[in-house]
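Asker: Have a look; sequence and predicted model below, questions after that.
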Amino acid sequence: AQSVTQLGSHVSVSEGALVLLRCNYSSSVPPYLFWYVQYPNQGLQLLLKYTSAATLVKGINGFEAEFKKSETSFHLTKPSAHMSDAAEYFCAVTFNTDKLIFGTGTRLQVFP
Amino acid sequence: EPEVTQTPSHQVTQMGQEVILRCVPISNHLYFYWYRQILGQKVEFLVSFYNNEISEKSEIFDDQFSVERPDGSNFTLKIRSTKLEDSAMYFCASSELGTGFNTGELFFGEGSRLTVL
């Protein structure tokens, strides 16, 4: 079955530290992959997407993700965390359908 | 900046009652969606809507659910007879292109929290 898994429901980092949020997918066909962010009391906002072009994708707010087919991964990174990055992050995948399949989300906390 | 708006932000209802959740998508968007998130669980796809008809629906979207675009601007989700397990945050989304093959970006509203007692 096609699915997406986010490892770690909570991640805590210090301000200025590297952010790494993990996402792995399971699929027998090429996927399209997305990262969404949800700030408190807001809707989901697209951070970045992979649609079979460049494997390293740059998004908003300094985030980027790399599609690694051999590892079936699409991990999200940011070199230096900022307090404003505290939010819930969702990895999502679609396989040529109209349906996004979301992961369970990772809550990022940033400490001063 | 254009945004998707949803009303109400929170609704409390008794089991068995009908509920209508409303959404105003971004005006030039053609694809519309409802997702839901039960507390502590994944965001789940319910239904997609294009060209005035359902294009895809999940197994969650049974006969108790319906969607409508009554007037060219609103997009509604109706739950005919609510159950306790319908308690969730319901997100409306819209897209200029679709997801999947068209890989369009989904723009989400802030959600409508439904509590069924």
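Answerer: Sure, I can see it. Everything quoted here is computed from the prediction, not taken from an experiment. Residues are numbered from 1 along each chain as shown, chains lettered A, B, ... in the order given.

Asker: and chain B, which residues reach chain A?
Answerer: Neighbours of chain A within chain B, by Cβ under 8 Å from any Cβ of the partner chain: B:4, B:31, B:33, B:35, B:41-45, B:48, B:50, B:55-56, B:58, B:91, B:93, B:98-101, B:103, B:105-111. Where you see a C-beta, it was placed from the backbone N, CA and C, and this is true even at glycine.

Asker: Would you mind checking those residues for buried ones?
Answerer: The neighbour count (16 or more other Cβ atoms under 10 Å in any protein chain shown) marks B:4, B:31, B:33, B:35, B:42-45, B:48, B:55-56, B:58, B:91, B:93, B:98-100, B:103, B:106-111 as buried among the residues of chain B next to chain A.

Asker: which one is residue A:7 nearest to, not counting chain neighbours?
Answerer: Among residues not flanking residue A:7 along the chain, residue A:22 sits closest, at 4.2 Å (Cβ to Cβ, 6 or more residues apart in numbering or on different chains).

Asker: any idea which element that neighbour lies in?
Answerer: strand A:19-26 (DSSP states H and E).

Asker: Show me what that strand is packed up against.
Answerer: Judged by 3 or more Cβ pairs under 8 Å, 6 or more residues apart in numbering or on different chains; DSSP states H and E, strand A:19-26 is in contact with strand A:3-7, strand A:10-14, strand A:32-38, strand A:73-78, strand A:87-94, strand A:106-111.

Asker: which one of those strands lies closest to residue B:26?
Answerer: Nearest to residue B:26 among those is strand A:32-38; the distance by Cβ to Cβ comes to 16.5 Å.

Asker: now the closest one, how far from the centre of its chain.
Answerer: Remark: strand A:32-38 is offset 5 Å from the chain centroid, using Cα atoms, centre = their mean, to the nearest Å.

Asker: Ok, stretch B:57-67 next?
Answerer: Distance, centroid of stretch B:57-67 to centroid of chain: 11 Å (Cα atoms, centre = their mean).

Asker: try stretch B:107-116
Answerer: Computed by Cα atoms, centre = their mean, the separation of stretch B:107-116 from the middle of its chain amounts to 8 Å.

Asker: Return it as CSV; C-alpha atoms alone will do.
Answerer: C-alpha atoms of stretch B:107-116 as CSV (Å, rounded to 0.1, in the frame of the first residue of the first chain):
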residue,chain,number,x,y,z
PHE,B,107,-4.3,26.2,-0.3
PHE,B,108,-5.9,25.3,3.0
GLY,B,109,-8.3,27.2,5.2
GLU,B,110,-7.9,27.4,8.9
GLY,B,111,-10.3,24.6,9.6
SER,B,112,-13.7,24.1,11.2
ARG,B,113,-13.6,22.2,14.5
LEU,B,114,-16.7,20.0,14.8
THR,B,115,-17.6,18.6,18.2
VAL,B,116,-20.3,16.0,18.3
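
Asker: Nothing else from me, thank you.
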